[in-house]
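Visitor: Fold the following.
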Amino acid sequence: MNNTKFTLLRHGQPQLSDCLLGRTNPPLTALGWQQLRQSSIGLGFDRIISSPLERCSAFAQQLAHESAVPITICADWQEMDFGLWDGLPLKQLWAATDIDYPKFWQNPFLSQPPQGESSIQLMQRVVKQIQLLSRQYQGQHLLIVTHSGVIRIIMHWLLCHSNSIDKFSEAFLSSHSHSHQYCNAHLSNLMVSYAARLQINTFIDDDKVLWPQLTGLHNYHADTQPKEA
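Guide: Have a look, this model is predicted:
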């Protein structure tokens, strides 16, 4: 089979959820564990791949053990590196006049966290993984335990870039970055709750070209849904 199914599962509520969490590495709260348990009920999968950050990997490793499936920890699935902003309270980032966080939010392809990762770099490493895994695990269902930023950038790629997948390179993306200046919909227009699931399928045609397709976005719903961070 030339199809590969991906379910990307965002981690549950972590500690420090009122802060900007990129590479900052707090554990899940009890509620976060509960959210992931409920969101993963009934999922059938052949393999788990997880971000190394504890808010993803702790649950992923336990689920892999309980489901008797192999697990891979892969750094390419971790959250965006927010550099000097990483771990700071969100209220501080929005209110500070000497920080360009609002500018980054409004134009994520033209602004970059200081000493952090660009949106282009994030998209590049995630799409490379989709390309690799689609060819390595054809016919399988992969559960990826990951982060909001990863899910959002994949949504942007699916809707704005997937027809250029074979041209994906730093140079190509950089040369087209100005075309994204008004395209922050993956940040401002998309809700990605804790324990949300994004589902995509990829297909490799007879010319070895990879075609991705969005098949679903399911936000976790509970009586109390904490604010995203």
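Visitor: What ranges does the chain have for its strands?
Guide: Taking DSSP state E as the criterion, the chain contains strands spanning 3-10, 47-50, 71-73, 141-146, 197-204, 210-218.
Visitor: Could you export these to TSV, including columns for mean pLDDT, mean neighbour count and distance to residue 24?
Guide: C-beta: built from backbone N, CA, C; applies to glycine. Written out in TSV, the entries for the strands of the chain read as follows (pLDDT from 0 to 100; neighbours: other C-beta atoms under 10 Å; distance: least, C-beta to C-beta, whole Å):
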stretch	mean pLDDT	mean neighbour count	distance to residue 24
strand 3-10	98	23	16
strand 47-50	98	23	17
strand 71-73	98	17	18
strand 141-146	98	25	16
strand 197-204	96	19	23
strand 210-218	94	15	26
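Visitor: Which one, of those, ends up nearest to residue 88?
Guide: Distances from residue 88 to each of these were compared by C-beta to C-beta, and the smallest falls on strand 3-10, at 20.9 Å.
Visitor: what's the closest one packed up against?
Guide: Identification of packing neighbours for strand 3-10 by 3 or more C-beta pairs under 8 Å, 6 or more residues apart in numbering; DSSP states H and E yields helix 119-136, strand 141-146, helix 148-160, strand 197-204.
Visitor: In contact with residue 112, which residues?
Guide: With contact taken as C-beta atoms under 8 Å, 6 or more residues apart in numbering, residue 112 is in contact with 104, 118, 119.
Visitor: got JSON lines for the residues you listed, with distance to residue 154 and pLDDT too?
Guide: Putting the contacts of residue 112 into JSON lines (distance: C-beta to C-beta, whole Å; pLDDT from 0 to 100) gives the following:
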{"residue": "104", "distance to residue 154": "19", "pLDDT": "90"}
{"residue": "118", "distance to residue 154": "16", "pLDDT": "93"}
{"residue": "119", "distance to residue 154": "12", "pLDDT": "92"}
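Visitor: Which one of those is nearest to residue 146?
Guide: Out of the contacts of residue 112, the member with the shortest distance to residue 146 (by C-beta to C-beta) is residue 119, at 15.9 Å.
Visitor: for the closest one, what are its contacts?
Guide: Contact partners of residue 119, counting by C-beta under 8 Å, 6+ apart, are 80, 108, 109, 112, 153, 180.
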